[in-house]
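J.: please find the sequence and the predicted model below.
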Amino acid sequence: MKNKVTFILFVIINTLAAYAQNNEVNLKIFDNPPDTIPKIFAKELISIADRYEYGLAISPDYNEIFFTATKPGDGLMLTRKLDDDSWSTPKTANLRGNNSNEQEAFYTPDGQKLYFASNVNDTMRLWVSLKENSEWSLPILLDSPVNNTRVFWATFTNNNTMYYSNLSNFKIYKSKLENNQYKVTENAGIPFGMHPSVSKDESFILFNFRGDIYVAFKNNENVWGKPRKLEGLINTTEFSETCPSLSPDEKFVFFSRYNDLNKKSDIYWISSIIIEKTRKKFIK
């Protein structure tokens with residue numbers, strides 16, 4: 001009888017331990033960060049098997065994450081850090097409140113504005129929402145020439161210059177903030193690529209092209225230099241890598257790799273040391 005009770009207790013303890021260990025994957029998503037070998041980010045919470053995930057954006061205070069997912073999930077997804085340092089189960093963000101198609105949300109550097117893409121008459125445009133008492137306001141359509149064509153995926157420098165994807169010609173464009181408005185748009189001067197992620201000091205920019213992640217650096221004339229494939233293990237020959245983004249402190253690069261079930265994508269992260277390695281190799 002004693003041996004039987006001991007065995008039952010052993011099973012219960014190990015079951016509880018296994019449960020705690022499995023949930024640790026979801027609770028401490030920024031623990032055990034990668035070096036120069038990519039890792040799946042937030043497995044089972046954000047990166048789920050047999051689903052597309054891309055377009056990760058982390059709030060400057062590391063308390064909120066937006067990403068885009070499809071099936072299960074419906075476009076723009078939101079998870080928030082809870083009081084016990086765990087993270088909420090991601091839910092459809094539904095920022096517009098009418099179940100519109102929404103995708104690819106990104107923060108301004110101060111975390112007080114959120115830009116995302118959503119359809120207007122079946123055409124993708126940029127919307128903006130304001131932070132109000134820890135929640136996001138009902139978004140408004142961005143009043144700017146930026147929205148004169150199909151666009152998505154907007155990221156920002158410290159002075160709020162916007163780099164975004166222009167879908168009319170599949171090029172990277174930019175617009176400077178002037179008197180709190182994006183009055184003028186122009187080609188960013190990068191010969192190819194989409195899904196830009198610009199550094200806050202505008203010294204480098206990441207983007208993808210034909211299934212690889214590239215970087216371009218500003219030269220002494222303040223012009224973007226020749227794009228280079230990122231060094232290291234971020235790009236593979238077997239799979240496509242797309243949709244790079246930066247952590248708020250720019251210590252990590254996030255990207256999607258299409259090596260999940262049924263050729264779908266998971267979100268990976270890797271140390272941004274690879275950017276400096278690429279710079280040292282090509283910039284003399």
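T.: Alright, I've got the coordinates.
J.: which residues in the stretch 151-284 of the chain form strands?
T.: Using DSSP state E, counting those that start in this stretch, the strands found in the stretch 151-284 of the chain span residues 151-156, 162-166, 171-175, 177-178, 181-182, 186-187, 194-198, 204-209, 212-217, 228-229, 241-246, 252-257, 266-271.
J.: contact partners of the second one?
T.: Yep, that's strand 162-166 we're talking about. With contacts defined as CB atoms under 8 Å, 6 or more residues apart in numbering, strand 162-166 is touched by 115, 126, 146, 149-157, 171-177, 182, 185, 188, 194-198, 205. All C-beta spots, glycine's among them, are computed from the backbone N, C-alpha and C.
J.: likewise the last one?
T.: The list of residues contacting strand 266-271 from outside it, by CB under 8 Å, 6+ apart, reads 33-43, 46-47, 53-54, 56, 67, 232-234, 247, 251-257, 259-260.
J.: take those residues and keep only those in helices.
T.: Using DSSP state H, no member of those falls in helices.
J.: now the buried members of the residues you listed.
T.: 34, 38, 40-42, 46-47, 53-54, 56, 67, 232, 234, 247, 252-257, 259-260 (16 or more other CB atoms under 10 Å).
J.: just the buried ones from the contacts of strand 162-166?
T.: Judged by 16+ other CB under 10 Å, buried ones among the contacts of strand 162-166: 115, 126, 146, 150-157, 171-175, 177, 182, 185, 188, 194-198, 205.
J.: per-residue pLDDT, Asn22?
T.: Note for Asn22: predicted pLDDT of 37.
J.: can you check Leu261 too?
T.: pLDDT at Leu261 comes out at 95.
J.: then Tyr19?
T.: Confidence score, pLDDT, at Tyr19: 37.
J.: correct me, but Ile65 touches Glu53?
T.: No - if you go by CB atoms under 8 Å, Ile65 and Glu53 don't touch, sitting 11.2 Å apart.
J.: re earlier: which one of the strands of the stretch 151-284 of the chain lies closest to Gly97?
T.: strand 151-156 (20.0 Å; CB to CB).
J.: in the stretch 51-200 of the chain, where is pLDDT below threshold?
T.: Counting by pLDDT under 70, the stretch 51-200 of the chain shows low-confidence ranges at 72-73.
J.: try it again with 90
T.: 71-74, 83-85, 122, 133-134 (pLDDT under 90).
J.: the lengthiest strand in the chain vs strand 151-156, what angle?
T.: In the chain, taking DSSP state E as the definition, the longest strand is strand 123-132. Following axes from the mean of the first three to the mean of the last three CA atoms, to 10 degrees, one obtains 40 degrees for the angle between strand 123-132 and strand 151-156.
J.: ok, strand 123-132: who's next to it in the sheet?
T.: strand 113-120 (antiparallel), strand 135-136 (antiparallel), strand 140-141 (antiparallel) (DSSP bridges).
J.: deepest of the ones you listed, which one?
T.: strand 113-120 (a mean of 21; mean count of other CB atoms under 10 Å).
J.: now it and strand 162-166, what's the angle there?
T.: For strand 113-120 against strand 162-166, the angle by the same axes, to 10 degrees is 20 degrees.
J.: show me what strand 113-120 is in contact with.
T.: Contacts of strand 113-120 (CB under 8 Å, 6+ apart): 66, 76, 95-96, 100-108, 124-131, 136, 139, 141-142, 151-154, 156, 162.
J.: which of those count as buried?
T.: 66, 76, 95-96, 102-108, 124-129, 131, 136, 139, 142, 151-154, 156, 162.
J.: quick check: end-to-end length of stretch 98-115?
T.: 17 Å (CA to CA, to the nearest Å).
J.: about what we covered before: for Leu82, find the nearest of the strands paired with strand 123-132.
T.: strand 135-136 (15.6 Å).
J.: just want the most central residue of this protein.
T.: Leu56 (2.1 Å; CA atoms, centre = their mean).
J.: distance check, that residue against Leu261.
T.: 20 Å (CB to CB, to the nearest Å).
J.: who's in contact with the closest residue to Asn159 other than its chain neighbours?
T.: Nearest non-adjacent residue to Asn159, counting by CB to CB, 6 or more residues apart in numbering: Leu177, 6.9 Å away. The contact partners of Leu177, by CB under 8 Å, 6+ apart, come to 159-162.
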